[in-house]
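Visitor: Mind looking at a prediction? Sequence and model below.
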Amino acid sequence: MSAQLGDKPVPTLEMVAARSGVSRATVSRVVNGSLTVTPDIVEAVNRAIAELNYVPNRAARMLASRRTQAIALIVPESSAKVFADPFFAQLVQGVALHLADTEYTLTMLIESEKNSEKTRRYLLGGNVDGALVVSHHTGDHSYARLSGSLPVVYGGRPLLPEDGETLYIDVDNSGGAATATEHLIGLGRTRIATIAGPVDMPPGVDRLIGWRRVMEERGLDDSLVEQGDFTLASGAEAMRRLLARDPQIDAVFAANDQMAAGAYQAIAEAGRRVPDDVAVVGFDDNYFAETATPQLTTVHQPAVEMGAAMAALLVQVIEGKPYEPHSVLTTTLVRRASA
């Protein structure tokens, strides 16, 4: 007897087999993507599936393969910060675009560090086949030491080494920051400050390293550093502190576009103009750069490509295919009116 859905029987594998005129085993092979079935039979089975609105029994397939066909995206940040930062939207877009051509679904875990044990139980409870981790901080620990039990791919290199192999996709943060700083020097600016990101996050550390390396190589003062947290408000506060320390600052490299937009506010409050008095360069290349007045010169990081590469790497690991454990994507300087 077939199961009932309302007044209609739920389509079964046997019903598809009868409609298409093949065996149940053949239908099963078609549903599971076997390459041993001839194209005409595949067409007949798929036509029967469409006519009956048959949905494969995913639970049974999971038991057979020991896979959930699900991937977790972990973002240990507040929901307010996640939804205010276009970087996350671009990265999720990249993940989703890659997974669209696979059987994997995506689950997002935001603010996971507020209940780290709950997150850990979820990840190890057979709910997902692997995890993607972005915007991670040194102190985050709900997904630490999971690599022996669950494949984990990081967006950005972890600051602290882990046991075993670490899988990550990164962008050239230090190189991009160095390019931005060289550009400001090329404009004739000499009092170049930086608004750095958090020191417990890889982008915050690496972008500061890139700025400082160029400043030291050029014999310029590398003491004009204030830290933000990648938000607009923190950029404004950091710029106010920098101008209070040295009103003669003539350029600033901000470690992301939101903090650069915040710096605009503080520069205007001080009665100064961008770029005439203070040239500004950011990092990301998102709508904060495009909508700023004047439009913001910035370092483009390929966030969509990063998300797609993270998803591709994780799927390769899950499915036992050859993979490179990490890669670094290139950045480019996008010149606009602010510098």
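Guide: Received, thanks. Please read all numbers here as calculations on a predicted model, not as lab measurements.
Visitor: and Leu5, what pLDDT?
Guide: You'll see Leu5 listed with a pLDDT of 40.
Visitor: Make residue 1 into 226 and carry on from there
Guide: In the new numbering, first residue 226, that becomes Leu230.
Visitor: Now for the spatially most central residue of the chain: which residues touch it?
Guide: Geometric centre of the chain, nearest residue: Leu316, 3.8 Å, by Cα atoms, centre = their mean. Residues in contact with Leu316 (Cβ atoms under 8 Å, 6 or more residues apart in numbering) are Val359, Gly380, Ala528, Val529, Met531, Gly532, Met535. No exception for glycine: its C-beta is placed from N, CA and C like everyone else's.
Visitor: Show me which of these is closest to Ala405.
Guide: Proximity of the contacts of Leu316 to Ala405 (Cβ to Cβ) peaks at Ala528, which lies at 17.0 Å.
Visitor: for the closest one, what are its contacts?
Guide: Phe312, Gln315, Leu316, Gly319, Asp509, Asn511.
Visitor: How about it: what's its closest non-neighbour residue?
Guide: Gln315 (3.6 Å; Cβ to Cβ, 6 or more residues apart in numbering).
Visitor: check which helix or strand covers the one you found.
Guide: helix 311-324 (DSSP states H and E).
Visitor: who touches the helix or strand just after that helix?
Guide: Later in the chain than helix 311-324, the nearest helix or strand by DSSP H and E is strand 330-335. Under the contact criterion Cβ under 8 Å, 6+ apart, strand 330-335 has outside partners 294-300, 302-304, 307, 317, 320-321, 324, 344, 347, 352-353.
Visitor: Out of those residues, which end up buried?
Guide: Buried members of those, counted by 16 or more other Cβ atoms under 10 Å: 294-300, 302, 307, 317, 320-321, 324, 344, 347, 353.
Visitor: Which members of the residues you listed are the farthest-apart pair?
Guide: Going by Cβ to Cβ, the pair spanning the buried ones among the contacts of strand 330-335 furthest: Gln294 and Glu302, at 26.5 Å.
Visitor: about what we covered before: mind checking how far the helix holding Gln315 is from the chain centre?
Guide: 7 Å (Cα atoms, centre = their mean, to the nearest Å).
Visitor: do the same with stretch 295-302
Guide: 10 Å.
Visitor: Also stretch 450-467?
Guide: For stretch 450-467, the distance to the chain centre is 23 Å (Cα atoms, centre = their mean).
Visitor: quick one: contacts of that stretch?
Guide: 306, 309-310, 418-424, 429, 433, 449, 474, 477, 479-481, 483-488, 490-492, 494-495, 513.
Visitor: May I have that stretch as PDB, with CA atoms only?
Guide: Below are the C-alpha coordinates for stretch 450-467, written out as PDB (Å, rounded to 0.1, in the frame of the first residue of the first chain):
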ATOM      1  CA  VAL A 450      47.800  53.300  13.700                       C
ATOM      2  CA  GLU A 451      44.300  53.100  15.300                       C
ATOM      3  CA  GLN A 452      42.200  50.000  15.500                       C
ATOM      4  CA  GLY A 453      38.600  49.500  14.500                       C
ATOM      5  CA  ASP A 454      36.300  46.500  14.300                       C
ATOM      6  CA  PHE A 455      35.400  46.600  10.600                       C
ATOM      7  CA  THR A 456      32.200  48.700  11.300                       C
ATOM      8  CA  LEU A 457      31.400  52.300  10.100                       C
ATOM      9  CA  ALA A 458      31.200  53.700  13.600                       C
ATOM     10  CA  SER A 459      34.600  52.200  14.600                       C
ATOM     11  CA  GLY A 460      36.200  53.800  11.500                       C
ATOM     12  CA  ALA A 461      34.800  57.200  12.400                       C
ATOM     13  CA  GLU A 462      36.100  56.900  16.000                       C
ATOM     14  CA  ALA A 463      39.500  55.700  14.900                       C
ATOM     15  CA  MET A 464      39.900  58.600  12.400                       C
ATOM     16  CA  ARG A 465      39.000  61.100  15.200                       C
ATOM     17  CA  ARG A 466      41.700  59.700  17.300                       C
ATOM     18  CA  LEU A 467      44.200  59.800  14.500                       C
END
